[in-house]
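**Q** This is the structure alone, sequence omitted:
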């Protein structure tokens, strides 16, 4: 059974940093495209950043480019999201997800597995 478990969320001030972790129960980190999504209160879930199974290619939305970075450790079956220079607009529940699409997708319906989410709150 595939499970994704996120951790690392919390409350941080504007300009601060957090690192989210997504631990998987199997080796899907090296066989699936892994993505991070977020959902703010009252808004739709949006794609944030993703990484291919080889780790050689990533996709990131413009609003976090230069501030957020995704990485993976296949030996630990873990994907990370390093978030720097956080802004109040980054406040959301962050989800880890996996899709078989080789180069990923920004569409949440195309992801096969999801974690339960971790709350990130950025105070102004």
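**A** Structure's in. What do you need? Not measured: the values here are computed from a predicted model.
**Q** for residue 51, what are its contacts?
**A** 33, 34, 35, 57, 58, 59, 70, 71, 72, 79, 104 (Cβ atoms under 8 Å, 6 or more residues apart in numbering). (C-beta placed from N, C-alpha, C; glycine too.)
**Q** Which among those residues count as buried?
**A** For the contacts of residue 51, a burial check counting by 16 or more other Cβ atoms under 10 Å picks out 33, 34, 35, 58, 59, 70, 72, 79, 104.
**Q** and of those, the nearest to residue 123?
**A** Using Cβ to Cβ, the shortest approach to residue 123 within the buried ones among the contacts of residue 51 belongs to residue 70, at 24.3 Å.
**Q** who does whichever strand or helix holds that closest one touch, helix- and strand-wise?
**A** Residue 70 belongs to strand 68-73 when elements are defined using DSSP states H and E. Contacting strand 68-73 under the criterion 3 or more Cβ pairs under 8 Å, 6 or more residues apart in numbering; DSSP states H and E are the following elements: strand 33-39, strand 46-51, strand 58-60, strand 78-83.
**Q** switch to 7 Å and redo it
**A** strand 46-51, strand 78-83 (3 or more Cβ pairs under 7 Å, 6 or more residues apart in numbering; DSSP states H and E).
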